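S.K.: here is my input; please provide its structure:
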Amino acid sequence: MNKIRINTLFAELKYKNTVILKYTIEYPEIIISKYRLGKETFNKFNKNKALELEKYCKEELYKEAKELYEYNVANGYPIMVYELVLKYQITYNNKYLLSLYSDEYQYTGGAHGITIRKSQNWNLSMAKQIPLQYFFPNNEYYVLDILKEINKQIEEQIQNGENQYFDNYCQLVIQNLDLDNYYINPNSITIFFQEYDIAPYSSGIPTFNIAFKNDK
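M.R.: From the prediction side, this is the model:
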């Protein structure tokens, strides 16, 4: 198992002595691993992503927050604080395989914020991220099998009253399936969709566990 720590970039940015933007940006760092090149590649990738996001906060998002502040003050509206929060969850960490996902939440006014989920699936011995097909080496129809399993799980959830989905969820699952949107668990792979892709906001980020034989 690789030893990992989560680092954090945090700031509250002010304008005219008022906090108008807060950000909390986590990023993972491998501290100990036998795969030196994989460790270095992973750490550089994630640190650079964090620094790019921090730059976006300080420049673009801060500019938007200032404009909204001036507009709200001029029109007698409440001051709204922009917020960006990026957090990571490690889902699999065994030998050379490392899987995780991040949820990036942004609030820029309105009724609620938006969360975007992204995942990373690394083979540290190869020092690179691996595609979903890597886990289905002998199945050329794996995408079709995944689509069938997702729709089966949706039907079961609807029947049990567990979740809500848009009426045309079958078509939306096909349209919005992104083969990069997956992460590894000990005995399954989780496929996820973004908010509003196949279900209303109240359903959150839809996830579906696909069983597979993990002999990696």
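
S.K.: ok, and what's touching stretch 175-191?
M.R.: By C-beta atoms under 8 Å, 6 or more residues apart in numbering, the residues outside stretch 175-191 that reach it are 91-92, 97, 99-101, 117-121, 131-133, 135, 143, 146-147, 150, 192-194, 197-198, 207-212, 214. For the C-beta atoms, the positions are set from N, CA and C on the backbone; glycine is no exception.

S.K.: longest single helix anywhere in the protein?
M.R.: Ordering each helix of the chain by length in residues (DSSP state H) puts helix 36-56 first.

S.K.: pull out the buried positions in that helix.
M.R.: Of all the residues in helix 36-56, those buried under the rule 16 or more other C-beta atoms under 10 Å are G38, K39, T41, F42, N43, F45, N46, K49, A50, L53, E54.

S.K.: what packs against that helix?
M.R.: strand 3-15, strand 18-32, strand 82-94, strand 114-123 (3 or more C-beta pairs under 8 Å, 6 or more residues apart in numbering; DSSP states H and E).

S.K.: what lines up beside the first one in the sheet?
M.R.: On the basis of DSSP bridges, the sheet neighbours of strand 3-15 come out as strand 18-32 (antiparallel).

S.K.: how close does R36 sit to L97?
M.R.: When distance is defined by C-beta to C-beta, to the nearest Å, R36 is 16 Å away from L97.

S.K.: now N17
M.R.: From N17 over to L97 (counting by C-beta to C-beta), the distance is 49 Å.

S.K.: neighbour-wise, which of the two wins?
M.R.: Neighbour count, other C-beta atoms under 10 Å: between N17 and L97, L97 has more, with 19 against 5.

S.K.: contacts only, for that one.
M.R.: Contacts of L97 by C-beta under 8 Å, 6+ apart are N121, W122, N123, L124, I184, K216.

S.K.: and if you look at P200?
M.R.: P200 sits next to Q164, F166 when contact means C-beta under 8 Å, 6+ apart.

S.K.: one step back: how far does the longest helix of the chain sit from the chain's center?
M.R.: Counting by C-alpha atoms, centre = their mean, to the nearest Å, helix 36-56 is centred 16 Å from the centre of its parent chain.

S.K.: tell me which residues of the helix or strand following it come out buried.
M.R.: From helix 36-56 onward toward the C-terminus, using DSSP states H and E, the following helix or strand is helix 62-75. In terms of neighbour count (16+ other C-beta under 10 Å), helix 62-75 has its buried residues at Y62, A65, K66, L68, Y69.
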